[in-house]
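quick one: sequence plus predicted model below, questions after.
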Amino acid sequence: MNSFDVVGLVLNDFMTALQSSSLTLTVALYVYAAARGELTVAFWVATILMVITMLLNLAMNTVSSKLGEKEKEHE
Amino acid sequence: MESRASRRRRISGAMLHAFAFGSGAVVCLVLALIIGYIFVRGIPGITAELLTTQPSYIHDTIGVLPNILNTLYIVLVAMAVVIPLGVCAAVYLSEYATNRPLVRLISFAVETLTGIPSVVFGLVGMLFFIQMMGFSAGVLSGGLTLAVMVLPTIISNTLESLRAVPDAYREGALALGSGRWHMVRTVVLPNALDGIATGCILAVGRIVGESAALLYTAGFGIVLNGFMTALQSSSATLTVALYIYATERGELTVAFSVATILMVITMLLNLATHTVSSKLGEKEKEHE
């Protein structure tokens, strides 16, 4: 077992990950920025998180406007 | 005699009712278990010494007074920055902005900011306030970072309550010869006060409960400091202290006591939100 296994930076399938140390993107950001001092990687992770947030926001707006249109059609 | 279709409908209705009731009961049970577990493990550790002293190896004491004060300082700094900024931005968007695409763009930015994980705010706060501006990790950097983080909460709450003010109020004020700013100050803002106050209390709740952003920007210091010293000194809030005691020092009893204090603060803030919104709601009804 190496240091990557301990902090959960290893690629696992779903069933293994259920019971193994598994970092999410936000925790990986913390590990890279605070514990390892790898600020460049931390900012890459932050960028991925930002893109995910924006896509989710966009999806939310699209879904709500589509559903709003359908509601109007029903009225 | 009851037909098969109506019997099936009755059974499925009863099953759905039971499922909905069960879901509600599970939520209440989980909440009661969490609160109960934290209180049972935390309350025995809450002593006058814990609440009124600072950690000292010489006197062999563990106290969370510095963390309570640091939390208070950060709330003060963040709210002092975010309330004027957030309310003015919302007033601009609601009352002055005429460029629709710009308003939509700002609204999209505000919504996106709401969804960004707090650890990203911490990273950006560390880069901007500490590395670029040259501040030390402390209450000032932490407070400013949290101000940016809760800005969308204040803007969206204020915006909602400003939009809820009937247009007839605005038209009436303008018809009586009031200027736009006078109308906003004397008619619109007083009527939107409940939403603004609720947004502020929610923001305070988020600041009190925040840890990830503060790990980078406010530091881990658990020494008792005055406000001016704490601004530029490493100052751990209650949530950061909980993290330190639970993971780095292995003092789980103290960690549970800190968690109990945080739970009580959260419940009090929640109560305050309800009280303020109901009181202001009553006042509004009296005016109508």
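Good, I have the coordinates.

so what's the residue nearest to A:Tyr30 when sequence neighbours are not counted up against?
Leaving aside its sequence neighbours, A:Tyr30 sits nearest to B:Val119 (CB to CB, 6 or more residues apart in numbering or on different chains; 5.6 Å). Placement of C-beta: from N, CA and C, glycine included. With contact taken as CB atoms under 8 Å, 6 or more residues apart in numbering or on different chains, B:Val119 is in contact with A:26, A:29-30, B:212-213.

tell me the residues of the stretch 51-200 of chain B that contact chain A?
Where the stretch 51-200 of chain B comes near chain A, counting by CB under 8 Å from any CB of the partner chain, the residues are B:108, B:111-112, B:115-117, B:119-120, B:123-124, B:126-127.

tell me the centre residue of chain A?
Among the residues of chain A, A:Leu25 comes closest to the average C-alpha position under CA atoms, centre = their mean, at 4.8 Å.

next one: it from chain B, what distance?
For A:Leu25, the distance to chain B (CB to the nearest CB, to the nearest Å) stands at 8 Å.

quick one: buried residues of the helix or strand where B:Phe256 lies?
According to DSSP states H and E, B:Phe256 maps onto helix B:252-287. By 16 or more other CB atoms under 10 Å in any protein chain shown, the buried positions in helix B:252-287 come out as B:254-262, B:265, B:269, B:273, B:276, B:280.

other SSEs contacting it?
The contact analysis (3 or more CB pairs under 8 Å, 6 or more residues apart in numbering or on different chains; DSSP states H and E) places helix B:252-287 against helix B:4-42, helix B:193-208, helix B:238-243.

point me to the helix or strand that includes the residue nearest to A:Tyr30.
Short version, using DSSP H and E: B:Val119 is in helix B:118-125.

contacting residues for the closest residue to B:Val187 other than its chain neighbours?
Excluding the flanking residues, the one nearest B:Val187 by CB to CB, 6+ apart is B:Ala173, at 4.6 Å. Contacts for B:Ala173 (CB under 8 Å, 6+ apart) come out as B:182-183, B:186-187.

got these as a markdown table, with pLDDT, secondary structure and neighbour count columns?
Compiled in a markdown table, the contacts of B:Ala173 are given as follows (pLDDT from 0 to 100; DSSP: H, G, I helix; E, B strand; the rest coil; neighbours: other CB atoms under 10 Å in any protein chain shown):
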| residue | pLDDT | secondary structure | neighbour count |
| --- | --- | --- | --- |
| B:His182 | 91 | helix | 13 |
| B:Met183 | 91 | helix | 19 |
| B:Thr186 | 90 | helix | 12 |
| B:Val187 | 90 | helix | 18 |
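
can you redo these as a markdown table with distance to B:Thr47?
A markdown table is the format used below for the contacts of B:Ala173 (distance: CB to CB, whole Å):
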| residue | distance to B:Thr47 |
| --- | --- |
| B:His182 | 55 |
| B:Met183 | 55 |
| B:Thr186 | 51 |
| B:Val187 | 52 |
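
tell me where the model's unsure across the chain.
No chain was given, so I picked chain A. Across chain A, the ranges flagged by pLDDT under 70 are A:1-8.

meant chain B actually
For chain B, the ranges with pLDDT under 70 are B:1-2, B:283-288.

quick check: domain ranges of it?
B:4-45, B:50-287 (automatic domain parsing).

which one of the ones you listed has the most crowded surroundings?
Ranked by mean neighbour count, the domains of chain B are led by domain B:50-287 with a mean of 18 (mean count of other CB atoms under 10 Å in any protein chain shown).

gap between that domain and the chain center?
6 Å (CA atoms, centre = their mean, to the nearest Å).

also stretch B:9-18?
In terms of CA atoms, centre = their mean, the centre of stretch B:9-18 is set 39 Å apart from its chain centre.

may I have it exported as PDB, CA atoms only?
What follows is stretch B:9-18, C-alpha atoms only, in PDB (Å, rounded to 0.1, in the frame of the first residue of the first chain):
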ATOM      1  CA  ARG B   9     -56.400   2.400  -6.200                       C
ATOM      2  CA  ARG B  10     -57.200   2.400  -2.500                       C
ATOM      3  CA  ILE B  11     -54.300   0.100  -1.700                       C
ATOM      4  CA  SER B  12     -51.800   2.000  -3.800                       C
ATOM      5  CA  GLY B  13     -53.100   5.200  -2.100                       C
ATOM      6  CA  ALA B  14     -52.600   3.700   1.300                       C
ATOM      7  CA  MET B  15     -49.100   2.500   0.400                       C
ATOM      8  CA  LEU B  16     -48.100   5.900  -0.900                       C
ATOM      9  CA  HIS B  17     -49.400   7.500   2.300                       C
ATOM     10  CA  ALA B  18     -47.500   5.000   4.400                       C
END
